[in-house]
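Visitor: Quick one, fold the following:
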Amino acid sequence: MTSTQIPIERLAQQVKGMSLDALAEKYPNCHPAVNPFDLYRAHLSNVLADVTGVDPKIIYPSLQWTTSLDKGDMVLATPALRVKGQKPDELAKQWVEKFPGNDPLFEKPTVVSYFMAFVFRTTPLIQAVIPMIQHYGPEYGRNKCLGLKDPKDPSKGKKRMIVEFSSPNIAKPFHAGHLRSTIIGGFLANLYDGAGWDVKRINYLGDWGKQYGLLALAYEKYGDEEALTNDPINHLFQLYVRINSEMSAEKEQIEKRKQDGEDVTALEADSLDEQARRYFRSMTDRDPAALARWKRFRDLSITRYQATYARLNIHFDEYSGESQVPEAAMAKVSQEMEAKGICKEDKGAQIVDFSELVPGKEGKRLEKPIVRKRDGTALYLTRDISELLGRHEKYEFDHMIYVVASAQDLHLKQLFKIIELLGHKEIAAKCQHINFGLVLGMSTRKGTVKFLDDILRDVADKMHETMKKNETKYSQVENPSATADTLGISSVMVQDMSGKRINNYTFNMDAMTSFEGDTGPYLQYAHARVFSIRRKANLTDEDLATADLSLLTEPHAINIVRLIAQWPDTVQNTLRTLEPTTVLTYLFKMTHALSSSYDQLQVVGSERELMKARMALYDAAHTVLGNGMRLLGLSPVER
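Guide: This next block holds a predicted model:
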């Protein structure tokens, strides 16, 4: 046996003839070396196969979690085993009667209606799980086998995952939708990374189009070199707003003159709108001076974004963008779509009429998007088709996730369907849209324009004010403003992840920065509190590794162990739900169990052996809390 399997081996040895390798071989997605629940599930499937006569491979996936510890550790709904001819509740009673009373890992089950509830025996669980967490540390909960192309042959390498997320528009505010995409995308990238996939994080910037022609004109008129270098995103945005309002006023004036019967041909030809169009045309024609200026705007903005992303523990492997899609690739896609009858001409433009291509309601629902305008310019959809095909060629990905607001549901359905119609059904099948709802009521002190930096500064200020209220604790924090920043970021991220992704939520500064309730600051406080016990106890890792865990007999201690044993399974479940709230709900359950245990499980002041055992328990819980927080993209604080 390899050393990585030693902690859970103790548990396997409780069952005569049990081998971890045999279990992993027998049950699909069973990884008992890294997930205690897999070992319990596999063993219980073996036992129940004897009791029920049902194939253990049917039993294994039917064993479910319970909603809370008082309902047991695992539950089986008897109808899931598909046994005909008897009522499910009667079957449950019969099977419980037959269940061995001396099972080494499980207590005798109980019945509620047609559900059988199973509880783990505590001594073997405690003796296995705490050493397992000490052994794996930051890796506990991660399962690198899941991302292998062939789990039986690691030499074949990892599956490749692309996560496209954040994707702000240069020179426009990084608004709430981008914030949500950034938080959710960062989390999904971490999740797949922990599952052993080769993850590429891509930021697909809005960095092309006529608005950049307009921006260049604004910079020629009003640009300030120093302001651009110091704060490119804000400066470019101010220029953009200014030139946009000038353009609107000019359009109104020309329209008025037109109505008064004047000839406005010369005015229109020299209008800002036309100048912007001409400038952008020079960019698409690869004019060196125009491209150099645009590239400078883009590079400065990316540098500024990187600093903000770093605060959110997010990095990208590639800053792609609309500008990076070659015109030749789009022309080729357009020709292919015409040749295959996917698009047709309509009033000079090219459209895709899905009602003619896809039968039934689906075709009508997909509507009639334009793929090329009358003047020959490609639209988002054409660009996205080319980008997706180019990405597949470049990365040969096994799966790609687009983290984009639910407002784009239709656009992405159209994109995937066109890829399919072009004959790339296998590529379309690898693509997935992870959508999310809106953030409501989000404004900063400066008014309605919401740059991410403004939002983060506002919440950090609010956290700093809260921290100052406790002078004693405040004086102990090494770098209060950095801690306030981390707490502020945690409060924004936790509020965002608290509900299901698709739900809209209201941005509420007071609620999110509170230490009361299930908030980011409360989660950070819970993590720091466990760490402070370790500081005061002044015990070494060696002390904890040699602790006598049989001393942990109190119900509070047992429940904490039952919870921390669930962590790898929670991560496994999150790979199914792809919901950050799956992780967050678990972490808050854990913080509640911890906070209610401190009076019962005193560490400092206890007899030394008991102190070591309890500290080993709390240290394991601290590890799991930190692992969960880092998975979500948070930076756990120690004070």
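Visitor: can you pull the pLDDT of I6?
Guide: Among the per-residue scores, I6 shows a pLDDT of 63.
Visitor: residue contacts, V15?
Guide: Contact partners of V15, counting by CB atoms under 8 Å, 6 or more residues apart in numbering, are H43, P104, L105. Quick note: C-beta positions are derived from backbone N, CA and C, even for glycine.
Visitor: and the first one, helix, strand or coil?
Guide: In other words, H43. helix (DSSP: H, G, I helix; E, B strand; the rest coil).
Visitor: Report the separation between it and I8.
Guide: Using CB to CB, to the nearest Å, one obtains 12 Å as the distance from H43 to I8.
Visitor: do the same with the last one
Guide: Shown here: L105 relative to I8, a distance of 12 Å by CB to CB.
Visitor: before we move on, what about the second one?
Guide: To I8, P104 is 14 Å away according to CB to CB.
Visitor: neighbour count winner among the two?
Guide: It is I8, of P104 and I8, that has more neighbours when counted by other CB atoms under 10 Å, with 23 against 15.
Visitor: before we move on, which element is that one in?
Guide: helix 6-12 (DSSP states H and E).
Visitor: If you count neighbours, what's buried in whatever helix or strand comes next after that helix?
Guide: Next along the chain after helix 6-12, taking DSSP H and E as the criterion, comes helix 20-26. When burial is assessed from 16 or more other CB atoms under 10 Å, helix 20-26 yields the following buried residues: L20, L23, A24.
Visitor: Packing partners of helix 20-26?
Guide: Applying 3 or more CB pairs under 8 Å, 6 or more residues apart in numbering; DSSP states H and E, one finds that helix 20-26 makes contact with helix 6-12, helix 36-52.
Visitor: what's the spacing between that helix and its chain's center?
Guide: From the chain centre to the centre of helix 20-26 is a distance of 31 Å (CA atoms, centre = their mean, to the nearest Å).
Visitor: With stretch 282-292 instead?
Guide: Stretch 282-292 has its C-alpha centroid displaced from the chain centroid by 38 Å (CA atoms, centre = their mean).
Visitor: residue contacts, the residue nearest to Y279 when sequence neighbours are not counted?
Guide: With CB to CB, 6 or more residues apart in numbering as the measure, G213 is the residue that lies nearest to Y279, at 3.4 Å, once sequence neighbours are left out. By CB under 8 Å, 6+ apart, the contact set of G213 is Q275, A276, R277, R278, Y279, F280, R281, M283.
Visitor: pLDDT (mean, whole number) over the longest strand seen in the chain?
Guide: Ranked by residue count and defined by DSSP state E, the top strand of the chain is strand 198-205. Within the predicted structure, the mean pLDDT of strand 198-205 is 98.
Visitor: which residues are in contact with that strand?
Guide: Contacts of strand 198-205 from elsewhere in the structure, counted by CB under 8 Å, 6+ apart, are 147, 157-170, 185-186, 189, 192-193, 298, 302, 305, 314-323, 387, 391, 395, 397.
Visitor: Buried subset of those as a PyMOL selection?
Guide: Buried members of these can be picked out in PyMOL with the line below, counting by 16+ other CB under 10 Å:
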select buried, resi 147+158+159+160+161+162+163+164+165+166+167+168+169+170+185+186+189+192+193+298+302+305+314+316+318+319+320+321+322+323+387+391+395+397
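Visitor: Which ones among the contacts of strand 198-205 map onto strands?
Guide: Secondary structure from DSSP E places R160, M161, I162, V163, E164, E318, Y319, S320, G321 of the contacts of strand 198-205 in strands.
Visitor: tell me the contacts of the last one?
Guide: Read that as G321. N203, Y204, L205, G206, D207, W208, R298.
Visitor: coming back round to it: the longest strand of the chain: partners in the sheet, and parallel or antiparallel?
Guide: According to DSSP bridges, the neighbouring strands of strand 198-205, each with its direction, are strand 160-164 (parallel), strand 318-321 (parallel).
Visitor: Indicate which one of those strands is closest to Y525.
Guide: Using CB to CB as the measure, strand 160-164 is the one of the strands paired with strand 198-205 that comes nearest Y525, at 30.6 Å.
Visitor: Now do that closest one: distance to the chain's middle.
Guide: 12 Å.
Visitor: now do stretch 118-134
Guide: The gap between where stretch 118-134 is centred and where its chain is centred comes out at 30 Å by CA atoms, centre = their mean.
Visitor: I'd like the average pLDDT over that stretch.
Guide: For stretch 118-134, the per-residue pLDDT values average out at 96.
Visitor: buried sites along that stretch?
Guide: 118-120, 122, 124-134.
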